[in-house]
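[1] here you go, sequence then predicted model.
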Amino acid sequence: MPHRPHSQHRQHRQHRRLAALSLALVVGGLFTATSPTTAGATQTSADAAPCLTPDVHVEDAPAAARGGQQLRDHREITAAEQARIEQRFQRRLAARESAGARRATAVTIPVYVHVMRDANGNGDVTDTQIAQQIQVLNGSYAGAKSSTATNTGFSFTLAGVDRYNNTNWHQDKQSTTYRAKTRLGGKNALNIWLVDFSYLGIATFPWDYAKNPGIDGIRVQYSSLPGGSATNYNLGETATHETGHWLGLYHTFQGGCTSTNDEVSDTPAQASSTTGCPAGRDSCSLPGLDPIHNFMDYSYDSCYTEFTAGQSTRMNQMWTAYRA
Ligand SMILES: [Ca+2]
Ligand SMILES: [Ca+2]
Ligand SMILES: [Zn+2]
């Protein structure tokens with residue numbers, strides 16, 4: 001695939017479309033990971049179909065993307081469905097708590113990073129970038145980026161790095177297959193697949209783990225890692241945002257200008273996603289300015305500074321309910 005000039009990046013946080021995808025995809029089956037399995041060596045061209053958008057599977061339906069409205073990779077979560085998800089979550093949390101589960105004050109999450117290189121080695125982020133990405137996650141979840149940010153109690157430790165040479169996987173094709181073959185760890189392990197696709201990132205939600213554990217984790221545009229080439233999105237906060245979904249957060253603009261909004265009371269309701277870093281944006285008449293600095297909006301990486309106390313509580317409760 002030709003290198004995509006980054007001047008073509010959309011000016012706002014919508015999914016970056018590939019201008020074109022060459023038809024003659026190199027079918028990569030070469031497995032060069034240093035560990036821990038030889039899975040992936042058997043990829044064939046049988047199911048490699050060229051496409052202009054990531055192949056979105058039914059299993060991905062509950063996922064959420066850091067992207068815009070134009071190229072949704074997930075179904076709309078209607079108000080009714082959101083209510084059902086919340087009801088099940090509260091029931092599950094209550095059951096876990098009555099069974100003795102306590103809210104953890106500190107949780108360390110093992111992180112497995114899967115570097116999906118293409119046949120020419122594109123996408124081969126360095127170990128230094130991966131270490132920096134973990135640092136970014138730790139700073140963001142510790143509340144280190146603003147005086148108003150909350151320390152969520154979550155921290156991240158690198159548990160392993162695998163490197164694969166497979167052009168289809170690099171392009172996020174056969175994602176259900178490659179995730180199932182390469183995923184490591186249990187429900188508490190964050191798997192990050194680094195790929196080159198039309199999105200900045202896609203995540204699965206914790207309430208879907210039980211029915212679909214093989215795809216649990218986040219897929220992240222490799223050029224969004226610290227030092228990457230994704231202009232305005234290369235400070236590593238895409239992983240922060242996707243991990244927020246993985247821990248059970250919605251976008252701050254979920255539900256639009258409604259009091260239910262994102263199920264978090266201290267994030268002011270927002271009519272739509274934010275582009276860039278527009279100070280003073282106020283898209284809903286409901287109280288408060290839009291939370292443009294919140295990691296669960298779509299602002300530039302440099303604009304992101306915080307999770308709120310309410311989001312921290314929700315993530316901790318989600319952990320208790322689904323990942324502890
Ligand atoms: Ca809210
Ligand atoms: Ca408002
Ligand atoms: Zn998102």
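    It's in. Residues are numbered from 1 along each chain as shown. Ligands and ions are numbered 1, 2, ... in the order given.
[2] now stretch 241-255 - C-alpha only, CSV.
    Extracted C-alpha coordinates of stretch 241-255, given in CSV (Å, rounded to 0.1, in the frame of the first residue of the first chain):
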residue,chain,number,x,y,z
HIS,A,241,-9.6,7.3,24.5
GLU,A,242,-10.1,3.7,23.3
THR,A,243,-9.1,2.3,26.7
GLY,A,244,-11.8,4.5,28.2
HIS,A,245,-14.3,2.6,26.1
TRP,A,246,-12.7,-0.6,27.1
LEU,A,247,-13.2,0.4,30.7
GLY,A,248,-16.9,1.2,30.0
LEU,A,249,-17.0,4.9,29.2
TYR,A,250,-19.2,6.3,26.4
HIS,A,251,-18.3,9.4,24.5
THR,A,252,-19.1,12.6,26.3
PHE,A,253,-21.5,13.4,23.4
GLN,A,254,-23.4,10.1,23.8
GLY,A,255,-27.1,10.8,23.8
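[3] buried sites along it?
    For stretch 241-255, a neighbour-count test (16 or more other CB atoms under 10 Å) marks 241-255 as buried. Quick note: C-beta positions are derived from backbone N, CA and C, even for glycine.
[4] between the residues you listed, which is closest to ligand 1?
    For the buried residues of stretch 241-255, the minimum distance to ligand 1 (CB to the ion) is 6.5 Å, reached by T252.
[5] against L190, how distant is C303?
    24 Å (CB to CB, to the nearest Å).
[6] which one's more surrounded, those two?
    Ranked by neighbour count (other CB atoms under 10 Å), C303 and L190 place L190 first, with 23 against 20.
[7] thinking that one is in contact with L247, fair?
    No - the pair L190 and L247 does not pass the contact test of CB atoms under 8 Å, sitting 9.0 Å apart.
[8] how much space between T308 and ligand 1?
    Between T308 and ligand 1 the distance is 9 Å, computed by CB to the ion, to the nearest Å.
[9] what does N212 give?
    With CB to the ion as the criterion, N212 and ligand 1 are 27 Å apart.
[10] for A131, same thing?
    A131 is 34 Å from ligand 1, by CB to the ion.
[11] so for this structure, the centremost residue is which one?
    E242 (2.2 Å; CA atoms, centre = their mean).
[12] which SSE is that residue in?
    helix 237-246 (DSSP states H and E).
[13] now do S272
    Using DSSP H and E, no helix or strand contains S272.
[14] circling back: so the residue nearest to the centre of the chain sits against Q221, correct?
    No - the criterion here is CB under 8 Å, and E242 misses it with Q221 at 10.0 Å.
[15] which neighbours do the two have in common?
    Common neighbours of E242 and Q221, counting by CB atoms under 8 Å, 6 or more residues apart in numbering, are G201.
[16] excluding chain neighbours, what is closest to the residue of the stretch 1-150 of the chain found nearest ligand 1?
    Taking CB to the ion, ligand 1 has its nearest neighbour within the stretch 1-150 of the chain at Q82, 12.3 Å off. Nearest residue to Q82, sequence neighbours excluded (CB to CB, 6 or more residues apart in numbering): G255, at 6.9 Å.
[17] T108 too?
    Closest to T108 by CB to CB, 6+ apart is S155, at 5.1 Å.
[18] next up, the contacts around the closest residue to G227 other than its chain neighbours.
    Counting by CB to CB, 6+ apart, G227 lies nearest to Q129, which is 5.5 Å off, once chain neighbours are set aside. Q129 is in contact with L225, P226, G227, G228, counting by CB under 8 Å, 6+ apart.
[19] who in this structure is up against ligand 2?
    Within the chain, the positions near ligand 2 by CB under 5 Å from the ion are D282, C284, G288.
[20] and the helices in the stretch 101-250 of the chain, which stretches?
    Using DSSP state H, counting those that start in this stretch, the helices of the stretch 101-250 of the chain run over 127-141, 167-170, 175-182, 237-246.
[21] got a markdown table for those helices, with mean pLDDT too?
    As requested, the helices of the stretch 101-250 of the chain are exported to a markdown table (pLDDT from 0 to 100):
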| stretch | mean pLDDT |
| --- | --- |
| helix 127-141 | 98 |
| helix 167-170 | 98 |
| helix 175-182 | 97 |
| helix 237-246 | 96 |
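[22] quick one, which of the ones you listed is nearest to T150?
    helix 127-141 (9.3 Å; CB to CB).
[23] does Y233 touch Y300 like I think?
    Yes - using CB under 8 Å, Y233 is in contact with Y300, at 7.0 Å.
[24] of the two, who's got more company?
    Relative neighbour count places Y233 above the other of Y233 and Y300, with 26 against 18, counting by other CB under 10 Å.
[25] how near is G255 to N120?
    With the distance defined as CB to CB, G255 ends up 43 Å from N120.
[26] who touches the residue nearest to N294 when sequence neighbours are not counted in this structure?
    The shortest distance from N294 to any non-neighbouring residue, by CB to CB, 6+ apart, is to T252 (5.1 Å). Counting by CB under 8 Å, 6+ apart, T252 touches N261, D262, V264, T267, P268, Q270, D290, P291, N294, M296, D297.
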